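# kindly generate the corresponding structure for this input.
(3 chains)
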Amino acid sequence: MSVQTETLTDRTAAMTQAAMTQTAARADTAAIKMLARNVKVYYGPKQALKGINLDILENRVLALIGPSGCGKSTFLRCLNRMNDTIENCRVDGTLQLDGEDIYGRMIDTVQLRARVGMVFQKPNPFPKSIYDNIAYGPRIHGMATHRDEMDEVVQKSLERAGLWNEVKDRLKEPGTGLSGGQQQRLCIARAIAVSPEVILMDEPCSALDPIATAHIEELIDELRENFTIVIVTHNMQQAARVSQKTAFFHLGDMVECDDTEEIFTNPRDERTQGYITGRYG
Amino acid sequence: MTDLAQQGSRDMTMAHPKSRYQSAEFSARLRARYAAEQRFRAYGIAAVSLAAVMLVILLGSIVSKGYTAFWQNEIRLTVTLDPAELDPQGTRDPKVLAQGNYMKLIRDALAARFPEVTGRNERRQLADILSNGAPFTLQKMVMADPSLVGKTVPVWFQASDDVDQLEKGYIDRSLPEVQRRVNDLQIKALDSLRQDGSLHAGFNTTLFTAGDSREPEQAGIWGAIVGSFLTLVVTMGLSVPIGIAAAVYMEEFAPKNRWTDLIEVNINNLAAVPSIIYGLLGLAVFLNFFGMPRSAPVVGGVVLALMTLPVIIIAARVALKAVPPSIREAALGIGASPLQTVMHHVLPLAMPGILTGTIIGMARALGETAPLLMIGMIAFIVDIPNSFTSSATVLPVQIFMWSDSPERAFTERTSAAIMVLLGFLIVMNGLAVYLRKKFERRW
Amino acid sequence: MQLSVLLVVLALLSVTGYYLGRSTAVRAVDGRVVRLHSVPSYHGMYVALWAGLPALLLFVLWGASENWLVMQMALAGLPPELTSVNEQALNLLKADILNLAHGVTTGRDSHAAVKAAAARYVELHSLSRWMLLAIGAAMAMGGLLFARARIEANHRARNKVERVLNLFLVGCSLVAILTTIGIVLSLLFEAMRFFAVYPPLDFLFGLHWSPQTAMRADQVGSSGSFGAIPLFAGTLLITVISMAVAVPVGLMSAIFMSEYASPNIRTALKPILEVLAGIPTVVYGFFAALTMAPFIRGVGQSIGLDVASESALGAGIVMGVMIIPFVSSLSDDVINAVPQSLRDGSYGLGATKSETIRQVVLPAALPGIVAAIMLAVSRAIGETMIVVMAAGLSANLTANPLEAVTTVTTQIATLLVGDQEFDSPKTLSAFGLGLVLFLVTLSLNMIALKVVQKYREKYD
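Numbers count the residues shown, from 1 in each chain, chains lettered A, B, ... in the order given. The predicted structure follows:
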């Protein structure tokens, strides 16, 4: 483990213990893909996350829910170090991917982000053709050497994102010309084209209409087979529909994390209960 | 927990074959990509450095060429102000004094100082070490104080430009005499003068008080500075009120229709019209059609006003736009008329921004040359202009004219004039930056 | 003299009118100001405007027509055989009268009648000035009294004053339009006169430029040669050189400043570009002529190349340096307008910074950057001082940057500087060149501004 965790105080050690028991007690036997221990994030002097402990299980969908400003997105952006692009943002604690500290000195953000992809709140296709949008990632990572190979990667990614049939005849047209839902699926296809291990989704449906949302939700469920997915959502029904695990965030704390069913039917913390029953948020 | 994490990762390796992103191939590619990243960054640094280096070379070359112009070598001679030459009747009448043969007095003084020089030609060469403005120096002195007549007084005269350049080290003494602008006889005389302290370099006041001249040592930039000032007064008097009024109209009152769109497009385009075109406009319209005087600051001012108008309008509109609508609503809500709202509330709040834009526009007008060439402000003018219609030149045009002069001493003065011009511009822009900092307001 | 007296009188009457109007308004309602339709100061302004404006308008109209009218009257007194000549001789005659009137000796003996006309001119002129003073002062006084008499409680002074001010504002915004019209008309009109003596096609496509031969109309083979292709080619050559400097350096500086430099470094580096942008072109010209040109010549000679002392390369490089901040600040705007979400999208896929910039940001910003380059080209084409001081005068048709070429602006400046006979094709050709220059830069600017506008809308 990293240097930081070795110097943990007793209190945080106890918390770590608690997290361990929690993980030990879990019913799901899936492997741990990523894990967070005592993660604290500061924007300048302001603390945004106050020590998060969380396990992310392989081939499962983890939903992060909670009121606005509770730190879900901040936590999500820690997982592939997108916070690095924000000035004066500081991250403390341990975050591991396959047992490797992603904030360690040996880790490379380019490599990390290739392994932990991200889909954003607003669809952000590049102002390029649909084909080039998908091919961008594989191209920079040198994944396909021949034209044929690239064609295949593009087709496969679009197929997996459920977009192939809609766009196969207009791959040369700009990606910005698609509808909002299609754009978001294009962004998902773009993310899976580099075959990441984990996909982070930051409220991927918030800018979409219900039909497009349903499309994406279906897609997320299918993707679970091959990828580990973490999704931030404001929509509790969506969390209930797509995720196996749900973590509830509140004011920079992770209040509880459990099987989605458990959280929605039998929350342990009254704050969680308050939120899911709509008393605040 | 450590156990558990290891356990987890072991599970992982079993469940998941090692990712291609952890392969050696990928790390090699990654290294290449980072090298490209470093290269790209280096291009950026190189570009900024290149700009910086060019700036340093530009300013450095001007300063190194021009700093010597701020002093001027002078030669002291003991002159006997012979009444027989100046005022034979002893009336001390200024008219008579003005007609005196001062050149002869100076030649006599030189002959007395250098008795060993006898030949007619040699004596003339000797006199060439002084500026040919020397008699006027003496004349002015006597006119100011007629009681000097009859006395023998030490007088400091400007050295000629060649002597000045020699003393400043721009003329190589080791050259053969024929290739040198200062001959051996003159050098010997100068060395002798230097020995008894009769040759020294003083602050070059002429540069800052005189008008133009064919003789470098008598040439100054004061005429051009006054010309620039007069021109800018006209420019400011026209472009500031018109510019602000136009911006207020377009931002606050104009309906949004094809006409106002046209005006807007038109202003944006005018801002990018080459300045020389404004010169053509000035020549064809103001000089030829309206018959306004050539070389006059008033015409130059009008042309520059038309040129800076779009700059001021655009800056003023930006400043007006930055005033939040809530201010207007508040004023209108308590019953102020739209015009009162603008005059009492919006305009005062936008004023710092408008002022900044105005100063920057004026700075640009001050540095402008090309349009003024077209309307004849390029004339050789010795007198200091004293009205908006008298012939004048401006500082940048003076720089242009001097830069064309072959004398080494003019190169030096051109650089000095550039330094003065840049000084003015720095002060103006500094003022603009200061105003912006001081009144910057976040709504 | 009378003019300044009139202006002072007008100013005084306006100020008096203001205070009179204010007090009259207050008195009209016995001091109960609330009963007034408009506050007293508007009544004051109303009276002041009536006092000042009509007389000022008269002043402007009078001033514009005075010289012409007086001259016509002076000419009318001359014997007809003197005035019924062609236009040129008439102009000469007018110049003579003016010179005599201003006490300038013409150097040649003037006809007695002309001397009389000059005397009459002086007399009429001074009469006209006195009349203007008298009428102007009377109008101002009348306006003041008229306006003051109309003040009463219900007088809508504010609305009237505001209408005048509104008209003033509209007038000011029309100045820009008038400027454009003035530019277009003056260029077109003079260029037409040029094209009347020289065929436009020969001008636009001719390969030989030598305006100096056109001295006198009756000279044999004197028509001069105004084929502007060498000028266009020279302009193009210098523009290309300057763009080769300004575009890469300006663009890369903008990229470095907006994407790589930390805020501290940015604030430290910004002034470099700002100072470069603030240096007058005449200074760049001096630098090009006295530092850059000899340097390039020296380097060229040291490697055995023959470089002209006024090489296109020297002028082009310095012009490029001048345009660096222009390209850089425009590109900076454009690059900053690319939304952060696109960068995030690229970083999220594991792209490095330079990959993101080159493959996402720059393509997204491309229209804006192209527009910026077009504006820079327009700037380079229209730049005058650098080429006047550092480029040559002889119109060589060459693509060799080491040779001297001349440009459109250089020729305009040299053709029109100094005392020129205004009707010669040589002088008029400058307006032909000006027209071409104006049209080219105008279309570049219009297209570029349109593109930038479209681009901004896309990401707003």
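
# low-confidence ranges, the chain, go.
The chain I'm using is chain A. Regions of chain A meeting the criterion pLDDT under 70 cover residues A:1-28, A:279-281.

# wait, chain C was what I had in mind.
Using pLDDT under 70, chain C drops low at C:1-2, C:87-88, C:103-110, C:212-223, C:418-422, C:460.

# domains of it?
Domain assignment for chain C, taken from automatic domain parsing, gives C:2-154, C:156-197, C:225-459.

# just say which of those domains is most tucked in.
domain C:225-459 (a mean of 21; mean count of other CB atoms under 10 Å in any protein chain shown). Placement of C-beta: from N, CA and C, glycine included.

# what about that one, near chain A?
Yes: legend: contact between domain C:225-459 and chain A by CB under 8 Å from any CB of the partner chain is shown at C:263, C:339, C:341-352, C:355, C:359-360, C:363-364.

# inside strands: which ones of those residues?
If you go by DSSP state E, these have nothing in strands.

# between the domains of chain C, which gets nearest to A:Ile52?
Closest to A:Ile52 of the domains of chain C is domain C:225-459 (CB to CB; 20.7 Å).

# grab the most central residue of chain A for me.
A:Leu200 (2.0 Å; CA atoms, centre = their mean).

# part of a helix, is that one?
No: going by DSSP: H, G, I helix; E, B strand; the rest coil, the assignment for A:Leu200 is strand, not a helix.

# that one bridge partners, please.
A:Met118, A:Val230 (DSSP bridges).

# I figured it hits A:Leu76, correct?
Yes: with contact defined as CB atoms under 8 Å, A:Leu200 counts as touching A:Leu76 (5.1 Å).

# any residues in contact with both of those two?
A:118, A:230 (CB atoms under 8 Å, 6 or more residues apart in numbering or on different chains).

# keeping just the C-alphas, turn stretch A:161-173 into CSV.
As requested, the backbone C-alpha atoms of stretch A:161-173 are provided in CSV (Å, rounded to 0.1, in the frame of the first residue of the first chain):
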residue,chain,number,x,y,z
ALA,A,161,-23.0,1.0,-28.0
GLY,A,162,-26.1,0.1,-30.0
LEU,A,163,-25.4,2.8,-32.5
TRP,A,164,-24.1,0.9,-35.5
ASN,A,165,-27.4,0.4,-37.3
GLU,A,166,-28.3,4.1,-37.0
VAL,A,167,-25.0,5.5,-38.3
LYS,A,168,-23.3,2.8,-40.4
ASP,A,169,-24.3,4.7,-43.6
ARG,A,170,-23.0,8.0,-42.5
LEU,A,171,-19.7,7.4,-40.7
LYS,A,172,-18.1,10.3,-42.5
GLU,A,173,-20.6,12.8,-41.2
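
# next one: it to chain centre, how far?
25 Å (CA atoms, centre = their mean, to the nearest Å).

# quick check: buried residues in it?
A:161-164, A:166-167, A:171 (16 or more other CB atoms under 10 Å in any protein chain shown).

# what's the most distant pair in those?
A:Gly162 and A:Leu171 (15.6 Å).

# which parts of the stretch 251-400 of chain B are helices?
B:258-270, B:275-281, B:297-322, B:325-333, B:338-341, B:347-367, B:370-374, B:395-403 (DSSP state H, counting those that start in this stretch).

# got it, and the stretch 1-150 of chain A?
With DSSP H, counting those that start in this stretch as the criterion, the stretch 1-150 of chain A has helices spanning A:3-6, A:10-25, A:72-79, A:109-115, A:130-140, A:147-160.

# which bits of the stretch 351-460 of chain C sit near chain B?
Close to chain B, as judged by CB under 8 Å from any CB, the stretch 351-460 of chain C has residues C:352-355, C:357-358, C:375, C:378-379, C:381-385, C:388-389, C:409, C:412-413, C:416-418, C:422, C:430-431, C:434, C:437-438, C:441-442, C:445-446, C:449.

# from those residues, which land in strands?
Among these, no member lies in strands (by DSSP E).

# helices of the stretch 201-350 of chain C, residue ranges please.
C:229-255, C:263-278, C:281-287, C:293-302, C:312-336, C:340-348.

# which bits of the stretch 151-281 of chain A sit near chain C?
A:187, A:190-191, A:194.

# among these, which one has the most neighbours?
Neighbour counts for these, by other CB atoms under 10 Å in any protein chain shown, peak at A:Arg190, which reaches 31 neighbours.
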